[in-house]
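[1] coords below, sequence missing:
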């Protein structure tokens, strides 16, 4: 899906001012509310916008420990183990990967002992061969998408100029 300069401006507003109304976004952008609504619906349909809920802090929810657990899986059991991971509430993300392991999970815990309990639970899952855990010490770049949105918007602008 091509994101143009207006889409980029819309996405920037959604990121920077997530609690603003559609009417106010349209006013800020200087476009009709219907135009904005159509663009939002298209970006949702195309999978550019995937959610609108609040961003929560695991640390503020009592889980300040962050670790990445690599999981090696018995051949042929990747889907089964992936499904089992969904039953562990402290696993906030899981990805199939290449390289040293089959799955990479992002795990939050109350403390180091709780993290060990979670890892032990993972090790006991049928199909898990071994795990390797790496603890995060400090977040250096928080999750962000605005720089990517802006880069995509600049590239779209350059493509539009070169096609004139």
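    Right, received. Where do you want to start? Source: prediction; values computed, not measured.

[2] where exactly do the strands run in the chain?
    Counting by DSSP state E, residue ranges of the strands within the chain are 65-73, 91-96, 103-109, 128-135.

[3] Could I get the full set of helices for the chain?
    All helices of the chain, identified by DSSP state H, fall at 5-16, 22-29, 33-45, 78-85, 112-123, 146-162.

[4] buried sites along the last one?
    When neighbours are counted by 16 or more other CB atoms under 10 Å, the buried residues of helix 146-162 are found to be 149, 152, 153, 156. The C-beta positions use only the backbone N, C-alpha and C, and glycine is treated the same way.

[5] so how far is residue 12 from the first one?
    Put plainly, it is residue 149. Distance, residue 149 to residue 12, using CB to CB, to the nearest Å: 6 Å.

[6] Verify the contact between residue 81 and residue 75 for me.
    No: under the contact definition of CB atoms under 8 Å, residue 81 does not touch residue 75, with a separation of 11.3 Å.

[7] Quick check: residue 14 touching residue 49?
    Yes: in this structure residue 14 lies within contact range of residue 49 using CB under 8 Å: 7.3 Å.

[8] if we can go back for a sec, pipe the buried residues of helix 146-162 into a markdown table and attach pLDDT and distance to residue 109 per row.
    As requested, the buried residues of helix 146-162 are exported to a markdown table (pLDDT from 0 to 100; distance: CB to CB, whole Å):
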| residue | pLDDT | distance to residue 109 |
| --- | --- | --- |
| 149 | 91 | 32 |
| 152 | 89 | 35 |
| 153 | 86 | 38 |
| 156 | 81 | 41 |
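
[9] what would the residues you listed look like in a markdown table with distance to residue 65?
    Putting the buried residues of helix 146-162 into a markdown table (distance: CB to CB, whole Å) gives the following:
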| residue | distance to residue 65 |
| --- | --- |
| 149 | 31 |
| 152 | 34 |
| 153 | 37 |
| 156 | 40 |
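
[10] and the gap between residue 47 and residue 143?
    The spacing between residue 47 and residue 143, counted by CB to CB, is 18 Å.

[11] Pull out the buried residues from stretch 60-75.
    Neighbour-count burial for stretch 60-75 [16+ other CB under 10 Å]: 63, 65, 66, 67, 69, 70, 71, 73.

[12] contacting residues for the residue nearest the centre of the chain?
    Most central residue of the chain, judged by C-alpha distance to the mean C-alpha position with CA atoms, centre = their mean, is residue 143 at 7.7 Å. Taking CB atoms under 8 Å, 6 or more residues apart in numbering, we find residue 143 in contact with residue 55.
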